[in-house]
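give me a model of this one.
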Amino acid sequence: MVYWNRYLSKIKHILDNFGDDSRNSECLISKDLSYHQILSSQKEKLIYVCECFGTSDEENAFEEYIYFCMHNDIPYLYVTSEVTKIAEALLANLADEQCYDDMKPIHETLNHLEYRISEEYYRQFLRKLSSKNHLRLAHLANLVEKHLMIHYQHHLEWMLVLVSMLEGTADPESHCEFNPTRCSFGQWLHNPSIPYIVNTSHFNDIQDLHILLHQLGEHILALYHSGTFEHKSMIQLLLRLDYTSLEIGNEIAIINDMLIIGEYTKDPMTGLLGRRLLDKIMMNQIEIAKATESNCSLIMCDLDYFKTINDQYGHLAGDSVIQNFAELLQKTLRKSDFIFRFGGEEFLILLPSSEYSEARSVAENLCTQASLQKVNFDGQNISYSVSIGTFGIDTDTISFVTKETIINYVKSVDAQLYLAKQNGRNRVE
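Numbers count the residues shown, from 1 in each chain. Predicted coordinates for the structure are as follows:
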C-alpha cells in the first residue's frame, strides 16, 4: 500500500513548477488573471485527490475535482498533462532513490486517474458536440431563405446520428451512411443537374472534405465498436471531425452567397444590391455565421467631396464616378461578398466569414485603389478618393438576430466612417 501523504509535498512542488511552465502555453494564453486563480484552486483539488487515494473519500474527491475542471472549461490536455507530469517526476525520483516498491502502484494509480479524466472529458465532449450541432441546426431553422444551406442541414443531421451512436442513445433503427455518395448530402453534391456547383473552385474542396468526413466517421465508429479505444485519441479524432464539418459549412455558405447575389434584383446604375435587401440578407448571413461558427465584418464607404465633383463636372460625371467605384468594388471583393449601394455615393459591404483584421486589410486596399482611379468624362480625367469605416461582428455575442441588431451594426460602421471623414478623409477607420 502506498502512503500518499509522504509524496504530497513533492506533488505540490511538481504542480507549482508545472503552473510556471504552462503560464504562457497556447491553451491558456488568452485567459485572464481570474482564470489563473481558477487554476490554483484546480491544483489544490488535484492534490486533495492524491491525498484521498485508497480511502473512502477518493470517489467524492475525484467527482468534485472533475466537475470543477469541466465547469471552468480547463482544457483537457492541460489537465492530463498535469497527471502525466506528476507520474514522470515521482517515478524518476523513486528510481534515483532506488525505492522500487512504490513505483508500480504509483504508476497504476496515476494511470487509472488519467484514464478516468479522459473518460469523463470524452463523455462531456460528446454532449457538447451534440449540443453544438443542435444549436447550428436551430440557427439554420431561423433562415428566411435556406437555399443551399438546406444541404448543410442534412449533413448536420448525419453528424447528430453519429454522435448519438457514440453516446449509446441512438435509436436501434438508426443508420449512419459512410458511403459519401449515398448520404443525402452526397447525393446532392454529385447530382449532375447542379453545374453552378461543379463549375466553382469550391466544388473540389467540398468533395474532398466530405470524403474525409465520412472516412473519419467510419473510423471513429469502428474504434467505438472495438471497445479498445483510448478516450484521448477519440477526442482528437472528434475534434478533427467537428473542424471538417465546419469547413464544409463554410464552403457551402460561400457558394450559397454567390447564388443569392446572382438572384437578387440589382441597383440599375451600378449593378449592386439595393438597400432594401440589407436587413433580410444581414439577418440570414449572421444566422449562417452562427451555424458555421464564423464571424462577419462590415465596410462602409463614402466618396469624398462628391458634391464638388457634381458641381464642377456635372451630375452625369458624378454618375460615372459612382459607376467606376462600383466596378472597383466588384473587381476587388470576393464574389461571395455582399455589396450594397446604401445611398447616393455611399456603399455598404458585408463580408461573410471574415474577421475584423481581414476587413481592415480589404478596406485599406480599396482606399488606395480608389485614389489611383482616373475617370474619363468628356475628355477630362476625374480623380476621386473614398473614406471608409470598418466594423467586426462577433457572432458569439449574439443570441437573437433582430432588426434592431442590424440597425446597431450599421450605426457602428457608420460611426467609423464618420471618424474617417473627421480625421481628414481618404482614410480607413
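
so after the worst-scoring helix or strand of the chain on mean pLDDT, what's the next helix or strand?
The least trusted helix or strand in the chain, going by mean pLDDT, DSSP states H and E, turns out to be helix 195-198, with a mean of 59. Next in sequence after helix 195-198, counting helices and strands by DSSP states H and E, comes helix 203-226.

what mean pLDDT does that following helix have?
Mean pLDDT, computed over helix 203-226, is 92.

same for the helix or strand following that helix, what does it pack against?
Next along the chain after helix 203-226, taking DSSP H and E as the criterion, comes helix 231-263. Under the contact criterion of 3 or more C-beta pairs under 8 Å, 6 or more residues apart in numbering; DSSP states H and E, helix 231-263 touches helix 76-96, helix 103-141, helix 149-167, helix 195-198, helix 203-226, helix 278-291. C-betas here are computed from N, CA, C, even on glycine.

quick one: which of those has the weakest pLDDT on average?
By mean pLDDT, the lowest-scoring of the helices and strands packed on helix 231-263 turns out to be helix 195-198, with a mean of 59.

residue 217 contacts residue 180, correct?
No: under the criterion of C-beta atoms under 8 Å, residue 217 is not in contact with residue 180, lying 9.8 Å apart.

give me the low-pLDDT residue ranges for the protein?
Applying pLDDT under 70 to the chain flags the ranges 19-33, 192-200.

mind checking the SS state of the residue nearest in space to the middle of it?
When C-alpha atoms, centre = their mean is applied to the chain, the residue found nearest the centroid is residue 293 (3.9 Å). Secondary structure for residue 293, judged by DSSP: H, G, I helix; E, B strand; the rest coil, is coil.

phi first, then psi, for it.
As for residue 293, its main-chain torsions (degrees, to the nearest 10) stand at phi 50, psi 50.

doesn't residue 245 make contact with it?
No: counting by C-beta under 8 Å, residue 293 stays clear of residue 245, with 9.8 Å between them.

coming back round to it: show me which of residue 217 and residue 180 is the more surrounded one.
Each of residue 217 and residue 180 had its neighbours counted (other C-beta atoms under 10 Å), and the higher figure belongs to residue 217 (27 against 21).

and residue 177, helix, strand or coil?
On the basis of three-state DSSP, residue 177 is classed as coil.

show me how the protein divides into domains.
Residue ranges for the domains of the chain, per automatic domain parsing: 4-124, 143-260, 267-422.

what about residue 63, how many neighbours?
By other C-beta under 10 Å, 12 other residues sit near residue 63.

equivalent analysis for the one 5 residues further on, please.
Close neighbours of residue 68, defined as other C-beta under 10 Å, add up to 16.

check residue 398 too.
Counted with other C-beta under 10 Å, residues neighbouring residue 398 total 16.

pretty sure it is touching residue 283, no?
No: at 10.8 Å, residue 398 does not count as touching residue 283 under the criterion of C-beta under 8 Å.

secondary structure element for residue 388?
Per DSSP H and E: strand 386-393 holds residue 388.

name the surrounding residues that touch that strand.
Outside of strand 386-393, the residues within contact range by C-beta atoms under 8 Å, 6 or more residues apart in numbering are 286, 289, 295-304, 325, 355-356, 359-360, 363, 366-367, 370-371, 409, 412-421, 425-429.

same question for stretch 202-211.
Contact partners of stretch 202-211, identified using C-beta under 8 Å, 6+ apart, comprise 180, 185-186, 189, 197, 244, 247-248, 251-252, 254-255.
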